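1. Mind folding the following:
(one chain, ligands or ions: 1)
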Amino acid sequence: MASFKSSSSTITTFKFHLGAFLLLVGVASAQLASNFYGTSCPSVLSVIKSAVNSALRGPSWQVPLGRRDSATAGSVSDVNSNIPSPALNVSGLISAFSNKGFTAKEMVALSGSHTIGQARCTTFLTRINSETNIDSSFKTSTQAQCQNTNNFVPLDVTSPTSFDSAYYRNLLNQKGLLHSDQQLFSGGSTDAQVRAYSSNQGAFRADFANAMKKMGNLSPLTGTNGQIRTNCRKAN
Ligand code: HEM
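-> Numbers count the residues shown, from 1 in each chain. As a prediction, this is how the structure comes out:
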């Protein structure tokens, strides 16, 4: 009996809570409406939609699929002879890309990928500390971020997470992070292209996409060449 009494009061308490809960849900849903901002802020949905769309927009291009993995690990000498160094001057950058079949214009467009990402202080501190073609406040703030030389700093100081043409405007303002970045606007043959991309984001994005497509076609392994790795990080 005692136990019946107690379960009966438990059921009563439960019903009460359920009733109170449903009442609250009723009140809450009465406060929600798809046109809640209909008069106070009628354009809110289109504003949010366009902000989200523009944040997600990376240029895009079709990637031909079917490429296979290398059967050998890359070597240090392969890397050093194929990957351009951040210590290169503009002529060295032009010839490094020309060795792979790219024009100087394509090299400038591809460098625009530094509109996102970061670099470790050790790769650019020599420029920041000793070059003269550098904005002084940019120099001071970058040095402050590099108290620890293992720190990373955004390659595009203005808008590090947007794929835009701020990278080129930074160069016009002597705010290139890497020596090789600032070399693209340093009184040489690529200045005009940097200027052009700085004020024409559409041209930059279109040229970037085409150059990326071209880069993706640099001697891929197909058919029976190479292998399909079982562990992506090492040859089978
Ligand atoms: C023009 C010659 C180039 C040089 C000298 C160069 C050099 C560098 C260096 C030194 C870093 C920093 C690496 C670190 O500190 O860990 C870096 C980062 C980066 N580079 Fe380049 N790069 C060049 C071209 C490119 C190209 C063509 C692309 C792609 C299309 C590219 C994409 C990136 C990205 C996305 C990062 C950031 C990586 C991250 O945040 O983890 N770079 N580059």
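
2. list the contacts for the residue nearest the centre of the chain?
-> Nearest to the geometric centre of the chain sits Ile116, at 3.9 Å (Cα atoms, centre = their mean). Ile116 is in contact with Leu155, Asp156, Pro160, Thr161, Ser162, Phe163, counting by Cβ atoms under 8 Å, 6 or more residues apart in numbering. In this view, the C-beta of every residue, glycine as well, is placed from N, C-alpha and C.

3. okay, now the fourth one: neighbour count?
-> When neighbours are defined as other Cβ atoms under 10 Å, Thr161 has 11 of them.

4. Check the gap between it and Pro64 for me.
-> Using Cβ to Cβ, to the nearest Å, Thr161 is found at 28 Å from Pro64.

5. And for the last one?
-> Here the distance between Phe163 and Pro64 works out to 22 Å (Cβ to Cβ).

6. for Asp164, same thing?
-> Where Pro64 is concerned, Asp164 sits at a distance of 27 Å (Cβ to Cβ).

7. between those two, who's got more neighbours?
-> Asp164 (18 against 10).

8. if I read this right, that one contacts Gly112, doesn't it?
-> No. The criterion here is Cβ atoms under 8 Å, and Asp164 misses it with Gly112 at 9.2 Å.

9. List the contacts of the residue of the chain found nearest the ligand.
-> Relative to the ligand, the nearest point of the chain is Gly117 (2.4 Å; Cβ to the nearest ligand atom). With contacts defined as Cβ under 8 Å, 6+ apart, the neighbours of Gly117 are Pro154, Leu155, Pro160.

10. With Asp207 instead?
-> Lys105, Glu106, Ala109, Tyr197.

11. before we move on, the earlier item: for the residue of the chain closest to the ligand, phi and psi?
-> Main-chain dihedrals, Gly117, degrees, to the nearest 10: phi 90, psi 180.

12. hang on, Ala119 is in a helix, isn't it?
-> No. Ala119: not assigned to a helix; according to DSSP: H, G, I helix; E, B strand; the rest coil it is strand.

13. I'd say it and Gly176 touch.
-> No. Using Cβ under 8 Å, Ala119 is not in contact with Gly176; the gap is 11.1 Å.

14. out of these two, which sits in the busier spot?
-> Gly176 (31 against 17).

15. what's the helix or strand for the residue nearest to that one when sequence neighbours are not counted?
-> Among residues not flanking Gly176 along the chain, Gln182 sits closest, at 3.3 Å (Cβ to Cβ, 6 or more residues apart in numbering). In this structure, Gln182 sits in helix 179-183 according to DSSP states H and E.
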